[in-house]
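Undergrad: No sequence on hand, only this structure:
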């Protein structure tokens, strides 16, 4: 278990290594904590070629990215806000 921001963000990381090639697949599972409950509740269902998939709303993703605020996160937040304003 990885914890960030005094436990507000909690992530379990799973790694699967392909036996023959040694290739790996890393999957991070973000636990819903009280600090990010609103982002989880904001999820929407989007259609894709295999059916539907639940995704966090742009507003919820902004909330999640606000915890880290790296340069890339700041750029992503600006882009997400533009998308929200266009709709």
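TA: The structure has been received and is ready for your questions. Bear in mind that the values here come from a model prediction, so they are computed numbers and not experimental data.

Undergrad: can you pull the contacts of the closest residue to residue 30 other than its chain neighbours?
TA: Among residues not flanking residue 30 along the chain, residue 11 sits closest, at 5.6 Å (CB to CB, 6 or more residues apart in numbering). The C-beta positions use only the backbone N, C-alpha and C, and glycine is treated the same way. Residues near residue 11 by CB atoms under 8 Å, 6 or more residues apart in numbering: 1-4, 28-31.

Undergrad: Same question for residue 52.
TA: Counting by CB under 8 Å, 6+ apart, residue 52 has contacts 45-46.

Undergrad: Report the secondary structure state of it.
TA: strand (DSSP: H, G, I helix; E, B strand; the rest coil).

Undergrad: Can you check which strand is longest in the chain?
TA: Counting by DSSP state E, the longest strand found in the chain is strand 9-17.

Undergrad: Buried residues, it. List them.
TA: For strand 9-17, the buried set under the neighbour-count rule, 16 or more other CB atoms under 10 Å, comprises 9-10.

Undergrad: average pLDDT across the next helix or strand after that strand?
TA: Downstream of strand 9-17, the first helix or strand assigned by DSSP states H and E is strand 24-30. Regarding strand 24-30, the rounded mean pLDDT is 95.
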